[in-house]
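# Below is the structure, and that's it, no one-letter string:
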């Protein structure tokens with residue numbers, strides 16, 4: 001069961017994620033950000049991306065956040081399942097959501113978010129794994145700082 005406070009944070013993050021997608025600048029999903037390169041995390045007025053311990057968790061959590069944002073922006077609301085914390089989707093989006101949840105090996109968004117952290121904007125980091133063929137990449141800084149997986153569109157070259 002998701003707490004109202006967590007759901008509010010997810011909804012705010014989702015709205016910001018949707019707004020950012022509309023005005024996205026060049027990011028690592030559009031330009032090459034190779035392993036070892038320096039990158040900077042992007043963001044809007046609120047933190048909108050989650051960095052997670054595994055690629056599957058990052059794909060799942062950030063997909064849920066984005067879909068909630070899209071539904072709220074287009075319909076003014078999003079029906080959220082009290083059991084999973086996911087938006088009520090249909091068709092191909094529902095199939096994708098189910099596949100991402102299974103791949104992340106979790107039952108709820110809250111369970112996945114417990115293994116994630118909100119990504120702060122304008123943070124410099126090093127690419128550890130460029131995620132070839134994936135929508136996510138692993139970034140961070142050498143020990144003792146934490147590394148995490150997050151969507152490539154949340155990161156841009158530091159240039």
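Perfect, thanks for sending it. Predicted model, so just to flag it, every value in this text is computed and none were measured.

# remind me which residues of this structure are low pLDDT?
Along the chain, segments meeting pLDDT under 70 span 1-25, 43-47, 142-144.

# In contact with the spatially most central residue of it, which residues?
Closest to where the C-alpha atoms of the chain average out (CA atoms, centre = their mean) is residue 62, at 2.7 Å. Going by CB atoms under 8 Å, 6 or more residues apart in numbering, residue 62 touches 17, 49, 50, 136, 150, 151, 154. Backbone N, C-alpha and C define where each C-beta goes, glycine included.

# quick one, what contacts the third one?
Contact criterion CB under 8 Å, 6+ apart gives 13, 58, 61, 62, 65, 113, 116, 117, 118, 119, 150 as the residues in contact with residue 50.

# Now with 6 Å, please.
Contact analysis of residue 50 by CB atoms under 6 Å, 6 or more residues apart in numbering lists 61, 62, 116.

# Against residue 137, how distant is it?
Separation of residue 50 from residue 137 (CB to CB, to the nearest Å): 14 Å.

# for the second one, same thing?
Taking CB to CB as the criterion, residue 49 is separated from residue 137 by 12 Å.

# among the contacts of residue 62, which are in strands?
For these, the ones inside strands are 50, 136, 150, 151, with DSSP state E as the criterion.

# Is the closest residue to the last one other than its chain neighbours in a helix, a strand, or coil?
It stands for residue 151. Excluding its sequence neighbours, the residue lying closest to residue 151 (CB to CB, 6 or more residues apart in numbering) is residue 62, at 5.0 Å. Under DSSP: H, G, I helix; E, B strand; the rest coil, residue 62 falls in the helix class.
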